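Novice: below is the sequence, then the predicted model.
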Amino acid sequence: MRLGVPDRMIDRLLQTCLPAFPGPLSSCGLQLEPMSMEPSTPPDSDGIRTLESPDSFQGTVARLSSSLETHGIKIFTIIDQQAEAAAVGLAMPAVTLILFGNPKAGTPLMVAQPTSALDLPLKAVVWATENGGVFVSFNTAGYLIARHHLPEALAANLAPAEKLIAAALF
């Protein structure tokens, strides 16, 4: 049983739907209903740090982006997840993913452990709740060092980003 659904039902669903993909998921009998569940603020655990922003959603994205650029950190891309969801007919609260980094800091991590490229460039997600809360979440330096078994000395290449994100919000 997976996700509380008998395996035979999931297997049947996969056999029916996968040949129909790509295409609307409704073409294989799936109905996507928007979830009304309000996301909770995740605790600072499992390597994720979440900070509440005192600013609006757009203001937070702008402040964070500006702060990164002002400090010489390259923004590789900004993905408006809400717009991407809307493009396929789905609704979700505002979520924007910012991919950023400094090749001088990130390259030594990838040289030491190529799998660190799975988490580089660094990412920060700005997200809003339906009741107006705005949050920024990101992986901690300690988590990335442990995840990729990197030398502790390389934490100095990651830690400044955490401080910069926090400073941008307050």
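Specialist: Received the coordinates, thanks.

Novice: for Tyr143, give me its contacts.
Specialist: By Cβ atoms under 8 Å, 6 or more residues apart in numbering, the residues touching Tyr143 are Asp46, Gly47, Ile48. Where C-beta positions appear, they are placed from N, C-alpha and C, glycine not excepted.

Novice: residue contacts, the residue nearest the centre of the chain?
Specialist: Relative to the mean C-alpha position of the chain, the nearest C-alpha, by Cα atoms, centre = their mean, is the one of Val125, at 4.7 Å. Going by Cβ under 8 Å, 6+ apart, Val125 touches Val95, Thr96, Leu97, Ile98, Val136, Ser137, Phe138.

Novice: pairing partners for it in the sheet, please.
Specialist: Counting by DSSP bridges, Val125 forms beta bridges with Leu97, Ser137.

Novice: can I see the domain layout of the protein?
Specialist: Residue ranges for each domain of the chain read 1-32, 36-169, as given by automatic domain parsing.

Novice: could you dump those domains to a markdown table with mean pLDDT?
Specialist: Output for those, formatted as a markdown table (pLDDT from 0 to 100):
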| stretch | mean pLDDT |
| --- | --- |
| domain 1-32 | 51 |
| domain 36-169 | 93 |
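
Novice: give me whichever of those is most buried.
Specialist: domain 36-169 (a mean of 16; mean count of other Cβ atoms under 10 Å).

Novice: in which helix or strand does the nearest residue to Leu120 once chain neighbours are set aside reside?
Specialist: Spatial nearest neighbour of Leu120, excluding adjacent residues (Cβ to Cβ, 6 or more residues apart in numbering): Gly106 at 4.7 Å. Here Gly106, judged by DSSP states H and E, is contained in helix 103-112.

Novice: gap between that helix and the chain center?
Specialist: Helix 103-112 has its C-alpha centroid displaced from the chain centroid by 21 Å (Cα atoms, centre = their mean, to the nearest Å).
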